[in-house]
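S.K.: Here is a sequence together with a model predicted from it:
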Amino acid sequence: MEYRKTYVEVTARFTAEGKIIPLKILWDDGSTFFIDKVLDIRPAASLKAGGAGIRYTCRINRVDTFLFLEYSRWFVEEKCR
C-alpha cells in the first residue's frame with residue numbers, strides 16, 4: 001500500500017497553557033471529520049508518507065489515525081488509489 005502526504009484544513013482549540021487540540025478535519029471536497037478524542041501528542045516522523053512534525057494520534061469514528069502538524073500546516077497520511 002502506498003501513501004501520500006495530504007494537507008488538510010483543521011479547526012483547533014488553543015488552551016491557556018499553549019496546547020493545540022485539533023477538533024475537526026476538513027477535506028478539499030467538503031467532507032468534515034470530527035475528532036472524538038486525542039489519544040497522544042508527540043514529535044514524530046510520518047513513516048508512510050514522509051515528513052515530520054508533531055504527531056497527534058486521534059480517534060475518529062472509532063478508528064485511530066495520525067494527524068501531523070508540520071510547522072504551520074496540517075497533513076494526514078492518505079492511501080493512494
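M.R.: Yes, it's here. Because the structure is predicted, anything quoted here is derived from the model rather than measured.

S.K.: Name the residue closest to the centre of the protein, please.
M.R.: Geometric centre of the chain, nearest residue: L67, 1.7 Å, by CA atoms, centre = their mean.

S.K.: which one is that one nearest to, not counting chain neighbours?
M.R.: With sequence-adjacent residues excluded and distances taken as CB to CB, 6 or more residues apart in numbering, L67 is closest to Y56, at 4.5 Å. All C-beta spots, glycine's among them, are computed from the backbone N, C-alpha and C.

S.K.: for R13, same thing?
M.R.: I21 (4.6 Å).

S.K.: Sticking with the residue nearest to the centre of the chain, tell me its helix or strand.
M.R.: Using DSSP states H and E, L67 maps to strand 63-70.

S.K.: So what touches the next helix-or-strand element following that strand?
M.R.: Sequence-wise, the next helix or strand downstream of strand 63-70 (DSSP H and E) is strand 73-79. By CB atoms under 8 Å, 6 or more residues apart in numbering, the list of residues contacting strand 73-79 from outside reads 1-10, 22, 25, 46, 48-49, 51, 65-68.

S.K.: mind listing what's buried in strand 73-79?
M.R.: W74, F75, V76, E77, E78 (16 or more other CB atoms under 10 Å).

S.K.: Just checking: what are the partner strands of that strand?
M.R.: Next to strand 73-79 in the sheet, as set by DSSP bridges, lie strand 3-14 (antiparallel), strand 63-70 (antiparallel).

S.K.: for these, which one ends up most surrounded?
M.R.: Highest mean neighbour count among the strands paired with strand 73-79 (mean count of other CB atoms under 10 Å): strand 63-70, with a mean of 16.

S.K.: send the alpha carbons of that one over as PDB?
M.R.: Extracted in PDB, the C-alpha atoms of strand 63-70 (Å, rounded to 0.1, in the frame of the first residue of the first chain):
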ATOM      1  CA  VAL A  63     -10.700   4.500  14.200                       C
ATOM      2  CA  ASP A  64      -7.300   5.600  15.400                       C
ATOM      3  CA  THR A  65      -5.400   7.700  12.900                       C
ATOM      4  CA  PHE A  66      -2.400  10.100  12.800                       C
ATOM      5  CA  LEU A  67      -2.700  13.800  12.100                       C
ATOM      6  CA  PHE A  68       0.600  15.800  11.800                       C
ATOM      7  CA  LEU A  69       1.300  19.500  12.400                       C
ATOM      8  CA  GLU A  70       4.300  20.300  10.200                       C
END
